[in-house]
Structure formats: C-alpha cells, structure tokens
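Enquirer: pasting the structure only:
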Ligand code: FAD
Ligand code: SF4
C-alpha cells in the first residue's frame, strides 16, 4: 500500500490529464483529454489535504464525498471509490467531464491558494470510467423490491438522477423519452469532443441492469397520453428540460444562414453517429465565415463544432467581458487554442444581408452598474457600430422553459417565466401543485447544469419515496 504524504501537494504540482495535439483535436469529434494513468491519478488524488470541513463538498451541487474517494483511489481501492462516488452522483463520469469545476468543487479547494486545486473532476471521471470498464457495478444486494412504479418523463440528467434513486429503493422507474437514445442534452446537445456518445451508451446498459426500464422514441402527449401515465403509475416525475430558443429580438434573425444553436449541434451529432434521418437537416459550415452570438457553454460548443467542420473562420461575439462569461473557463481556453476568435463587449443589434446573411452589426459596450442579480449591465459606447462579416450566424442566447400544454389538465402550476413550480423546501421535496407529480432539472430551475439537474432529480426521488411511504 502507498504511504500517504501530507505534503504531497508541495512535491507534486497539479497535473491535468494530457490534451491531444491541437491539429488532431481540430479535425475530429473525439474527446480531447487522454485518460489518467493509474500512477498519475494516485499521486494527484494524494495531493488532497483532507480538510476537516471540506468546502469542495459544499460547493459540489450533489455534495460528493470528495476527500473520501480521493483517499480511496490514492490507496488503490478503485471499486470502493466507485461505490462511494455513486452514493451521491448518478453520472460521475459525465460530471467529471462537463462540470465547470473551476466554479464548483475545484474552485473551493484549499490548494487554490497558490498550489493548484486537486484535479477533482478528472479523478471522478477516472474512478467511474475505470471501475465500469473493469466490470464494477453498483451494489444492489440489499435492495428489496416494492410494488410501486413511477413514470419518469425525460431521460436527461434530471430523469436519470430520479430513476437511479428510485430503483435503488426498490421502486420501478419507467423512463419515457421522445429521442431514440437516453441522455437528453448529454446525447442530443453536448458534442463528442466534451463527452463521447459511448459514455451514455455504457451508462444505459448499467441502468438497465439495475432495473430501470426505458421506453424511447415515445413522446408523452403524442405517442402515449399523460393520462395513461397518471392512471398506470403511482407517481410521475417531469424532467423535460428547456427547449424554447431565446431570440435577440433584432432584425435579420430570420435571414437564410442564421440558425439556432441546438439544431446546428444536434444535426452534427446525428451526422457523426449515423442517426441522421434526412441529409437536408445537416447544417454545414465548411469553408464558411461563422459568427457565434453568445458566451455560454452552448456558444463554446458551436464555436468548436464549427472549427471541426472546417469553417474558414469562427468569431464569437459576446456582450460582456471575458471575466463575465457564464460558461466553464476550461472550455473557453480550449476554444481559443483551437482557433476561435473572441470579440468581447460586443452587443449585436442587427443581422444584415440581402438574400442571405452577410454580417452581424454590433456595438461595443462597457460595463455599467450591477443589475438586480449583481451582474454589471453592458452599456453601449456611442458611435461604436461595426459589421462583422458572416456567411453563417449561430445564435446561442440560451433557452426558456417549454412546458407542454397538457400540464394544465393536471393542474401543474407554472411560474411567470413558465418554469414548473416544484419547491425543494416542503414536505415532499420537488412536488408540484398536483400531489402525484414531481419535477426537477432545467424545466424547474431554468437552463443550468448537468450536475444541478442530477441533484434535483435525485432529491425529487426522495420526495417521491416519502410520498409513497416506502
Ligand atoms: P434535458 O437534458 O434537456 O433532458 C430532457 C429530456 O426530456 C430530453 O431527452 C427530451 O427529449 C425529453 N422530453 C421532453 N419532452 C418530452 C416528452 N413530451 N415526452 C418524452 N420526452 C420528452 N451543462 C454542464 O454542466 N456542462 C456543460 O458543459 C454543458 N454544456 C451544454 C451544452 C449545450 C449545447 C447545452 C444546450 C447545454 C449544456 N449544458 C451543460 C446544460 C445541461 O446540458 C442541462 O442543464 C441539462 O442537460 C438539463 O438536464 P434535464 O434533465 O433537466 O433536461
Ligand atoms: Fe466537482 Fe461536478 Fe464532480 Fe461535484 S459533480 S465533484 S462539482 S466535478
């Protein structure tokens, strides 16, 4: 057994997994990080100081037992680390890949004080990837099946988080999704260079072995009625995400050559994976001058997908400065390395062109007083108008909830921005105004993160278990 060294962090610096060479990265839709090697992960995990009251755990939305599994993996106890990591997280290998760790767990690490945070995300990914590849499976030996069953609508992170907790408690989850694969935005949104599709395919197999049933290609409200689910199941969980695309509200948004981010990203995934139904759906930016509007994770994914498709140039225009970009810093760095040009403090005011898009008119902004959320509001500098030439414009301004109309038939209340009302702080966590219906993830909190959707799905499952008295 390895001897733990309390001062390991002085001798061993933070070392992220190696990235592939830029020229290779830019040409393929494949994850850019090499996996950790066993020795590497052990020495990196051993840098953890095991703080008495670990702040990283509080900042992690699912409150992972971080120092504990870091210690287990540093001692070579991989399967125990995997078991512990799955106690709090449904998709640790996904969170390890796509969480903005710099704002969450790693941002809270004591070693940020000049030494470099422990590589928590990469270690979490290593534990789950390696243990699953070696045949480890969640320990369900203590499970006792009940006679209860719950319909979960949406196989995104929220629905999967909910189903995971239910199935472990012996309640049968049946997960409905209109897509042919599970994962929600993990599969039909986030590109392969951040998360390869094989990751969710393997997870699906694990979930099915655990007893979760998936009914895919099934849209609730169309292929099966919500009433049938209400009649057949003891409770219903809604995890249907947010799919109304935000618009800029300026002229030219409907010109040919202007696309919403998500159809662009999905068409690319469908082409790569051989899931394409109609070749006309594919949005091809090869040889084009692409302008991406927005500064979040979706914008970064559009930027980097365009680079890989062989765009002539990719310019990302964002209305605030780099400091205030909402997405993960790691992905902004990756986008810059791959050749994306950033124009900060640029507010689009119109998309210009004749028969098709020719450019984006922007004004330069400076940051003014903080708004009600404490974020400084961009203000226009007079006379700063310019046109960024473009053949293709991708709009990544975010998403608003898109609740189905049938929710009204079941008296499920919505708030004034169309989010489903399902508070955490009540007798049955994440219960809606219909006592049999629970909800979580983006459709409750608005577009956010994979890890927060997982948390809400898991918490809602606890609410359901209390409600069903199991
Ligand atoms: P979703 O993932 O949207 O899943 C909802 C599911 O419900 C879908 O599969 C949908 O088909 C299904 N559904 C909806 N209506 C019905 C119906 N009537 N019947 C059947 N099924 C239905 N977060 C991060 O943490 N890190 C990132 O790097 C990151 N990158 C992102 C990149 C992009 C391009 C986008 C769009 C988002 C990104 N996010 C990222 C955000 C993250 O993906 C979401 O917050 C998260 O997926 C929300 O999970 P969810 O389960 O609430 O919804
Ligand atoms: Fe960090 Fe996300 Fe893992 Fe939590 S789930 S430890 S925030 S990478």
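Expert: Here it is on my side, so go on. These figures come from a predicted structure and were not determined experimentally. Residues are numbered from 1 along each chain as shown. Ligands and ions are numbered 1, 2, ... in the order given.

Enquirer: Mind checking the pLDDT average for the one helix or strand residue 228 maps to?
Expert: Counting by DSSP states H and E, the secondary-structure element that holds residue 228 is helix 226-232. Along helix 226-232, the predicted confidence averages to a pLDDT of 98.

Enquirer: Check whether residue 90 sits in a helix, strand or coil.
Expert: Going by DSSP: H, G, I helix; E, B strand; the rest coil, the secondary structure assigned to residue 90 is coil.

Enquirer: packing partners for the helix holding residue 228?
Expert: Judged by 3 or more CB pairs under 8 Å, 6 or more residues apart in numbering; DSSP states H and E, helix 226-232 is in contact with strand 149-153, strand 235-238. The C-beta positions use only the backbone N, C-alpha and C, and glycine is treated the same way.

Enquirer: what about 10 Å?
Expert: With contacts defined as 3 or more CB pairs under 10 Å, 6 or more residues apart in numbering; DSSP states H and E, the secondary structure elements packing on helix 226-232 are strand 149-153, strand 172-176, strand 235-238, strand 437-439.

Enquirer: Format those as TSV; extra columns: mean pLDDT and mean neighbour count.
Expert: TSV is the format used below for those (pLDDT from 0 to 100; neighbours: other CB atoms under 10 Å):
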stretch	mean pLDDT	mean neighbour count
strand 149-153	98	25
strand 172-176	98	23
strand 235-238	98	29
strand 437-439	98	29
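
Enquirer: With distance to ligand 2 as new columns, can those be given to me in a markdown table?
Expert: Converted to a markdown table, the helices and strands packed on helix 226-232 look like this (distance: least, CB to the nearest ligand atom, whole Å):
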| stretch | distance to ligand 2 |
| --- | --- |
| strand 149-153 | 21 |
| strand 172-176 | 21 |
| strand 235-238 | 21 |
| strand 437-439 | 21 |
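
Enquirer: hang on, residue 196 packs against residue 35?
Expert: No: look at residue 196 against residue 35 with CB atoms under 10 Å: they stay out of range, at 11.7 Å.

Enquirer: ok, for the closest residue to ligand 2 within the stretch 251-400 of the chain, nearest residue in space, not its chain neighbours?
Expert: At 10.6 Å from ligand 2, residue 328 is the closest residue in the stretch 251-400 of the chain, using CB to the nearest ligand atom. The shortest distance from residue 328 to any non-neighbouring residue, by CB to CB, 6 or more residues apart in numbering, is to residue 100 (3.5 Å).

Enquirer: Hmm, the one you found is touching residue 451, no?
Expert: Yes: if you go by CB under 10 Å, residue 100 and residue 451 touch, sitting 9.1 Å apart.

Enquirer: Of those two, which one has the most company?
Expert: In this view residue 100 and residue 451 are compared by other CB atoms under 10 Å, and residue 451 has more residues nearby, 25 against 20.

Enquirer: for ligand 1, what are the nearby residues on the protein?
Expert: By CB under 6 Å from any ligand atom, the residues of the chain that approach ligand 1 are 98-99, 153-159, 176-179, 184-185, 189-190, 194, 219-221, 239-241, 262, 265, 297-298, 301, 328, 404, 441-443, 447-451, 453.

Enquirer: give me that answer again for 5 Å
Expert: Taking CB under 5 Å from any ligand atom as the test, the list of the chain residues beside ligand 1 reads 98, 154, 156-158, 176-179, 184-185, 189-190, 219-221, 239-241, 297-298, 301, 441-442, 448-450, 453.

Enquirer: residues in contact with residue 418?
Expert: When contacts are counted by CB atoms under 10 Å, 6 or more residues apart in numbering, residue 418 touches 242, 244, 400-403, 443, 446.

Enquirer: Would you quantify the distance from it to ligand 1?
Expert: Taken as CB to the nearest ligand atom, to the nearest Å, the spacing of residue 418 relative to ligand 1 amounts to 14 Å.

Enquirer: what's the angle between the biggest helix by length in the chain and strand 149-153?
Expert: Once the chain is assigned using DSSP state H, the helix that runs over the most residues is helix 450-468. Taking axes from the mean of the first three to the mean of the last three CA atoms, to 10 degrees, helix 450-468 and strand 149-153 form an angle of 150 degrees between their directions.

Enquirer: tell me the mean pLDDT over helix 450-468?
Expert: The average of the pLDDT scores along helix 450-468 is 98.

Enquirer: on that earlier part again, what's the pLDDT at the residue of the stretch 251-400 of the chain closest to ligand 2?
Expert: For residue 328, the pLDDT comes out at 88.

Enquirer: cool, residue 376 as well?
Expert: So, for residue 376, pLDDT stands at 81.

Enquirer: I'd guessed it sits against residue 319; true?
Expert: No: when contacts are counted by CB under 10 Å, residue 376 is not listed as touching residue 319 (11.2 Å).

Enquirer: Give me the common contacts of these two.
Expert: Common neighbours of residue 376 and residue 319, counting by CB under 10 Å, 6+ apart, are residue 367.

Enquirer: more crowded one of these two?
Expert: It is residue 319, of residue 376 and residue 319, that has more neighbours when counted by other CB under 10 Å, with 23 against 15.

Enquirer: hang on, the earlier thing: what about burial for the contacts of residue 418, which qualify?
Expert: Applying a neighbour-count criterion of 16 or more other CB atoms under 10 Å, the buried members of the contacts of residue 418 are 242, 400-401, 403, 443, 446.

Enquirer: Tell me which of the residues you listed fall in helices.
Expert: Judged by DSSP H, the buried ones among the contacts of residue 418 include residue 443 as members of helices.

Enquirer: Please parse this structure into its domains.
Expert: Taking automatic domain parsing as the domain assignment, the record places the domains of the chain at 8-133, 149-242+400-468, 247-397.

Enquirer: starting at the chain centroid, how far to the second one?
Expert: Right, domain 149-242+400-468. Using CA atoms, centre = their mean, to the nearest Å, the distance from the centre of domain 149-242+400-468 to the centre of the chain it belongs to is 15 Å.

Enquirer: Same question for the shortest one.
Expert: In terms of CA atoms, centre = their mean, the gap separating the centre of domain 8-133 from the centre of its chain is 17 Å.

Enquirer: before we move on, what about the last one?
Expert: For domain 247-397, the distance from its own C-alpha centre to the chain's C-alpha centre is 19 Å (CA atoms, centre = their mean).

Enquirer: circling back: how close does the residue of the stretch 251-400 of the chain closest to ligand 2 get to residue 268?
Expert: Counting by CB to CB, to the nearest Å, the gap from residue 328 to residue 268 is 20 Å.

Enquirer: which residue ranges form the strands in the stretch 151-300 of the chain?
Expert: 172-176, 213-215, 235-238, 244-245, 258-260, 289-293 (DSSP state E, counting those that start in this stretch).

Enquirer: wait, which of those is closest to residue 394?
Expert: Between residue 394 and the strands of the stretch 151-300 of the chain, the tightest spacing by CB to CB is seen for strand 289-293, at 4.8 Å.

Enquirer: What confidence value was assigned to the nearest residue to residue 299 once chain neighbours are set aside?
Expert: Leaving aside its sequence neighbours, residue 299 sits nearest to residue 396 (CB to CB, 6+ apart; 3.9 Å). What the model reports for residue 396 is a pLDDT of 98.
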